[in-house]
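>>> for reference, the sequence and a predicted model appear below.
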Amino acid sequence: MKKLIMLPCLLILLLASCTPIATATEVPTPTAEPIIYENPPVCSGATMIYHTQLQEMLMTGCISGSVRENVPNVIWGFDGEGWHKVVEGGPEMRVLAGAAYDKKRNVVVQYGGQPMDSFECVRETWEWDMQTWTQKDVESPFACDHFKMVYDEANEEVILFGGQAENQAPNNETWSWNGDAWTSISDSGPRSRAHFGFDYDSTHEQILMYGGYTGSVFNDFWAWKDNAWKEINSSGLGTLSHFGMAYDANVNALIVFGGASTSSSFSSLSNKTWILTDGAWSELELENSPSVRGSPAMAYDPERKSILLYGGFDSSGNELDDTWEWSGNQWTCLFNCE
């Protein structure tokens, strides 16, 4: 009987001395840092673009004209809930620089602008890949500021047009950026200008350009397609500069808001909303609209199927910081509504 008792005891001791079987330890799931929502500063002439991977509207160059010192370079993001700082730092803050989102390479391209402390002509090209800013050592376009940039999805390249070169010389050159080099692709087509509308028409795979200003206000309408400019016949809108413009891919229409119809002063600023359909411009009769303004940031958000508008300046030159959304048939104020 004693042997029968000792055997199970021995088995128990042997089992106890074996290496214990490993058990899974629950590891806490990493949590993303909470988003701190805050409103961008008052500004006009900023650039708004949609970032496909982030699924957010981004805004660059939002800086008050009255502040010229110690201003960090910030890309602001709008995720549908509010504004927040996506990235701060990188290249020095520039006034009247241009930016576009290269969808193929998933980078934000920033070019040109004026330093905060001078009116020097800066021809620097930078890219932000969601992690770091990188300056590109390349030959640059002649334009320094007041130009516009947009991504040409059909040709998978960034297109730059117009603006001012050194000593504020007007410029009507068209350049392309493929990630490695800038290439001059046209010096014909629209006249030299600044403060014009410039956006990509995804339905017809072309870039649209309207109006602008160089000594006088223009009312011509152009399309960039197949590496060539073609003037488009349209009627109704008239001369206009310092306005917001965006192509609404949800309804296949071009939307224009605000701007000035004369060059003598900004007393001609309006808060009219225009839509282009079938080659004709129509003014929309709306119950609610953003206030009278010039140079708002404005772009289409494909995720929310709406157009976002931010800031600008009023007829007295005061810069604004309100956010509005165009849903296809009405404007809705989202933040800093009066």
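Alright, I've got the coordinates. Numbering: from 1, shown residues only.

>>> all contacts plus neighbour counts: C-alpha atoms, from now on.
OK.

>>> what about the nearest residue to residue 288 once chain neighbours are set aside, how many residues nearby?
Nearest residue to residue 288 in three dimensions, chain neighbours excluded: residue 331, at 6.2 Å (Cα to Cα, 6 or more residues apart in numbering). Burial of residue 331 is recorded as 20 neighbouring residues (other Cα atoms under 10 Å).

>>> and if you look at the one 3 residues further on?
By other Cα under 10 Å, 15 other residues sit near residue 334.

>>> could you measure from it over to residue 324?
As defined by Cα to Cα, to the nearest Å, residue 334 lies at a distance of 6 Å from residue 324.

>>> anything in contact with each of those two?
When Cα atoms under 8 Å, 6 or more residues apart in numbering defines a contact, no residue borders residue 334 and residue 324 alike.

>>> still on that earlier bit, from what I can see the residue nearest to residue 288 touches residue 290, true?
Yes - here residue 331 reaches residue 290: they are 7.4 Å apart, a contact under Cα atoms under 8 Å.

>>> need the overlap of contacts for the two.
Common neighbours of residue 331 and residue 290, counting by Cα under 8 Å, 6+ apart, are residue 324.

>>> ok, back up a step: list the residues that contact the residue nearest to residue 288.
When contacts are counted by Cα under 8 Å, 6+ apart, residue 331 touches 288, 289, 290, 324, 325.

>>> now with 7 Å, please.
288, 289, 324, 325 (Cα atoms under 7 Å, 6 or more residues apart in numbering).

>>> buried subset of the residues you listed?
289, 324, 325 (16 or more other Cα atoms under 10 Å).

>>> so the last one: helix, strand or coil?
Looking back up the chat, that one is residue 325. Per DSSP: H, G, I helix; E, B strand; the rest coil, the local secondary structure of residue 325 is strand.

>>> how about the nearest residue to it once chain neighbours are set aside, secondary structure?
Excluding its sequence neighbours, the residue lying closest to residue 325 (Cα to Cα, 6+ apart) is residue 308, at 4.7 Å. State at residue 308, reduced to three classes by three-state DSSP: strand.

>>> what is residue 308 paired to in the beta sheet?
Note on residue 308: beta-bridge partners residue 299, residue 325, judged by DSSP bridges.

>>> my read: it touches residue 298, true?
Yes - proximity of residue 308 to residue 298 meets the contact threshold set by Cα atoms under 7 Å, at 5.6 Å.

>>> neighbour count: those two, which is higher?
Neighbour count, other Cα under 10 Å: between residue 308 and residue 298, residue 298 has more, with 30 against 27.

>>> give the buried residues for stretch 262-275.
Neighbour-count burial for stretch 262-275 [16+ other Cα under 10 Å]: 262, 263, 266, 268, 269, 270, 271, 272, 273, 274, 275.

>>> and residue 167, backbone torsions?
Backbone torsions for residue 167, taken as degrees, to the nearest 10, come to phi 60, psi 30.

>>> count residues in the vicinity of it, would you?
Neighbour count of residue 167, defined by other Cα under 10 Å: 10.

>>> nearest residue to it in space, please, no chain neighbours.
residue 121 (7.9 Å).
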